[in-house]
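In: Build the 3D model from these lines:
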Amino acid sequence: MATGVARDLIGESIRELEERFGSFPVNQTTLRLSSEAYADALDRAEAGVADLYVRVKNAQGEVLHVRDDERPRVPRCVGTLRDEPAERARQAVREATGVACTVDDVARVTIAGVRNGEDDDAPPAYRLLVLFEGSPADGIPENGVWRAESATPEFV
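Out: All right, here's what the predicted structure looks like:
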């Protein structure tokens with residue numbers, strides 16, 4: 001398995017984000033998943049897929065959330081690291097909420113080492129989780145809502 005390729009791609013992606021947005025915090029975490037979820041994470045890691053989240057704040061300091069039956073959350077998507085992740089994230093906000101935005105900064109990046117919870121000898125899969133900061137540019141939330149608090153996953 002090419003976990004080293006995924007690790008190298010993550011390093012390159014972080015450097016590219018730093019060149020565009022400047023420095024930002026980089027966290028590391030380990031997640032233990034079922035064998036099935038681990039296999040999916042490994043495939044995604046080797047394909048260079050990242051989890052992208054966007055925290056869009058308006059002039060009042062409210063954060064744009066996607067309406068969800070379970071609970072509101074900041075817009076998110078997956079994108080390949082080989083493509084432009086900031087552009088993919090911007091498109092995802094528009095698709096999910098109806099609001100066009102700019103992607104202004106990277107709040108933080110997390111490198112997740114995903115382990116197989118049922119096989120300690122399996123190599124880790126490395127995933128990149130990026131939290132972008134954005135500003136609204138145009139549009140009224142169709143499937144979104146502005147909230148005072150930001151529902152951002154804690155592991156991002």
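In: next structured bit after the biggest strand by length in the chain?
Out: Of all segments of type strand in the chain, defined using DSSP state E, the longest is strand 100-116. Downstream of strand 100-116, the first helix or strand assigned by DSSP states H and E is strand 125-138.
In: what pairs with that next one, and is each one parallel or antiparallel?
Out: Based on DSSP bridges, the pairing partners of strand 125-138 within the sheet are strand 49-56 (parallel), strand 100-116 (antiparallel).
In: Give me whichever of those is most buried.
Out: strand 49-56 (a mean of 23; mean count of other CB atoms under 10 Å). The way it works is simple: take the backbone N, C-alpha and C, and place the C-beta from them, glycine included.
In: Test for you: state the pLDDT assigned to the residue nearest the centre of the chain.
Out: Closest to where the C-alpha atoms of the chain average out (CA atoms, centre = their mean) is Leu52, at 2.2 Å. You'll see Leu52 listed with a pLDDT of 95.
In: Tell me who's in contact with Val99.
Out: Listed by CB atoms under 8 Å, 6 or more residues apart in numbering, the contact set of Val99 reads Val56, Leu64, Val93, Pro136, Ala137, Asp138, Gly139, Ile140, Pro141, Gly144.
In: Then Ala41?
Out: With CB under 8 Å, 6+ apart, Ala41 has these contacts: Leu33, Val114, Ala125, Arg127.
In: Out of these, which is nearest to Ile10?
Out: Arg127 (8.0 Å; CB to CB).
In: Test my guess that that closest one contacts Val114.
Out: Yes - Arg127 lies in contact with Val114 (CB atoms under 8 Å); the separation is 5.9 Å.
In: which residues are common contacts for those two?
Out: Ala41, Ala45.
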